[in-house]
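Trainee: no sequence on hand, only this structure:
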């Protein structure tokens, strides 16, 4: 009887060993698993763009929100005053520009008047010069008195001086027109600056209303009514549920035959009775140590080789049984079957086909 029991036990042990070996040879050696994996999502941190006191809080903890929903409002009285101030500055600059336009028209009239004076003096100079030439000929023949000749000579010189004066006045008026044009251009530049200031003030006024950039569930709400906030103050975390994924940190020795698109079995610790089937979406561009706060410096002389882990992003099915139950931070166990071919996505394209070459390099 003892021999029968021993023989039976030996047969059972051999059968179990053969079965386990067969399973390892046909399945287990192709499966890579890790429990260093977590559910994650692209969490958006909501922060204000302006500083001030929170006037309203319109979102509750764990409340679903839609894109564009108002989450917080900042006291906008100071920002409305800045908008009114910028409007007044624009009105002032526009009035100054209109004044310069009127001055330019007036100055152009003054230039026309000075030009007419130049023409009149040119005519007087021409007449005076003719009289001077005439009396020069007459006085040499004693047909005119010396006094009349000297009067004609003086009149010619006076006409020449008057013409030079008129020309100088015309040049001065033309220069003044250029000065007025430059001053008008300066005020127009200030008007543009005032308009930019007004736009900035309006932007700040609009930013007093903080809206949800995308749909999701509100969490980690820190904003309270009456709280003084500044740009960058964390008010809320917006989790885009149910759009989550899994980040599995595999050892570098497990990545040999992994490729984007391969299927991955996911077991969630919180829901042990449910299994999910996802696929490898992408590989991180470096190991976790490379992106840590203090990356390793192996050139210091005290090198110790440690197996590195590389984050692998696993996409989850949108219509899975746990689609609306998964939350970022949940622990999962991921098992990748390296024999599986890349899954076919909607539309017939191979998921990760464009990433096949980088994956091979890894």
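Mentor: Good, I have the coordinates. Computed from a prediction, not measured in an experiment: that's the story for all the values here.

Trainee: quick one: the strands in this structure?
Mentor: Assignment of strands within the chain using DSSP state E yields the ranges 31-40, 44-46, 52-57, 64-65, 70-74, 209-211, 216-219, 228-229, 236-239, 245-251, 263-268, 275-283, 309-315, 331-337.

Trainee: turn those strands into JSON lines, columns for distance to residue 257.
Mentor: Heads up, the C-betas are built off the backbone N, CA and C, glycines and all. Listed next are those as JSON lines, based on distance: least, Cβ to Cβ, whole Å:
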{"stretch": "strand 31-40", "distance to residue 257": "8"}
{"stretch": "strand 44-46", "distance to residue 257": "36"}
{"stretch": "strand 52-57", "distance to residue 257": "52"}
{"stretch": "strand 64-65", "distance to residue 257": "41"}
{"stretch": "strand 70-74", "distance to residue 257": "46"}
{"stretch": "strand 209-211", "distance to residue 257": "47"}
{"stretch": "strand 216-219", "distance to residue 257": "36"}
{"stretch": "strand 228-229", "distance to residue 257": "51"}
{"stretch": "strand 236-239", "distance to residue 257": "34"}
{"stretch": "strand 245-251", "distance to residue 257": "11"}
{"stretch": "strand 263-268", "distance to residue 257": "13"}
{"stretch": "strand 275-283", "distance to residue 257": "11"}
{"stretch": "strand 309-315", "distance to residue 257": "13"}
{"stretch": "strand 331-337", "distance to residue 257": "9"}
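
Trainee: residue 92 is nearest to which of those?
Mentor: Proximity to residue 92 (Cβ to Cβ) singles out strand 52-57 among the strands of the chain, at 27.2 Å.

Trainee: sheet partners, orientation included, of the closest one?
Mentor: When pairs are called by DSSP bridges, strand 52-57 turns out to pair with strand 70-74 (antiparallel), strand 228-229 (antiparallel).

Trainee: which one of the ones you listed lies closest to residue 273?
Mentor: Go through those one by one with Cβ to Cβ and the one that ends up closest to residue 273 is strand 70-74, at 36.8 Å.

Trainee: now do that closest one: distance to the chain's middle.
Mentor: 21 Å (Cα atoms, centre = their mean, to the nearest Å).

Trainee: contacts for it?
Mentor: Contacts with strand 70-74, where a contact means Cβ atoms under 8 Å, 6 or more residues apart in numbering, come from 46, 48, 50-59, 65, 207-212, 218, 223, 229, 235-236.

Trainee: quick one: closest of the strands of the chain to residue 167.
Mentor: Going through the strands of the chain one by one, with Cβ to Cβ as the measure, strand 52-57 comes closest at 63.7 Å.

Trainee: quick one: pLDDT of residue 321?
Mentor: Per-residue confidence at residue 321 stands at 83 (pLDDT).

Trainee: identify the residue spatially nearest to it, adjacent ones excluded.
Mentor: Once its chain neighbours are removed from consideration, residue 321 has its nearest residue in residue 274; the separation is 5.4 Å (Cβ to Cβ, 6 or more residues apart in numbering).

Trainee: surely the one you found meets residue 266?
Mentor: No. Applying Cβ atoms under 8 Å as the test, residue 274 and residue 266 come out as separate, 9.4 Å apart.

Trainee: ok, residue 7 - how many residues close by?
Mentor: Here the count is done by other Cβ atoms under 10 Å, and residue 7 has 10 residues near it.

Trainee: same question, the one 4 residues further on
Mentor: One way to gauge burial is a neighbour count; for residue 11, by other Cβ under 10 Å, it gives 10.

Trainee: please apply the same query to residue 129.
Mentor: The tally of other residues near residue 129 (other Cβ under 10 Å) stands at 15.

Trainee: quick check, pLDDT for the closest residue in space to it that isn't next to it in sequence.
Mentor: Nearest non-adjacent residue to residue 129, counting by Cβ to Cβ, 6+ apart: residue 156, 5.3 Å away. What the model reports for residue 156 is a pLDDT of 76.

Trainee: related to what we said a few turns ago, identify the residues contacting the residue nearest to residue 321.
Mentor: By Cβ under 8 Å, 6+ apart, the contact list for residue 274 reads 268, 321-322.

Trainee: who are the packing partners of the longest helix seen in the chain?
Mentor: When every helix of the chain is counted residue by residue (DSSP state H), the longest turns out to be helix 77-140. Using 3 or more Cβ pairs under 8 Å, 6 or more residues apart in numbering; DSSP states H and E, the elements in contact with helix 77-140 are helix 146-206.

Trainee: re the thing from before, buried only: go through the contacts of strand 70-74 for me.
Mentor: If you count burial by 16 or more other Cβ atoms under 10 Å, the buried members of these come out as 46, 48, 50, 52, 54, 57, 59, 65, 207-208, 210-212, 218, 223, 229, 235-236.

Trainee: and residue 72, what are its bridge partners?
Mentor: Following DSSP bridges, residue 72 is listed with bridge partners residue 57, residue 210.

Trainee: against residue 65, how distant is it?
Mentor: Plainly put, residue 72 is 12 Å away from residue 65 if you go by Cβ to Cβ, to the nearest Å.

Trainee: just residue 291 next, same as before
Mentor: Residue 291 sits 31 Å away from residue 65, taking Cβ to Cβ as the criterion.

Trainee: for the longest helix of the chain, give the mean pLDDT please.
Mentor: The model assigns helix 77-140 a mean pLDDT of 85.
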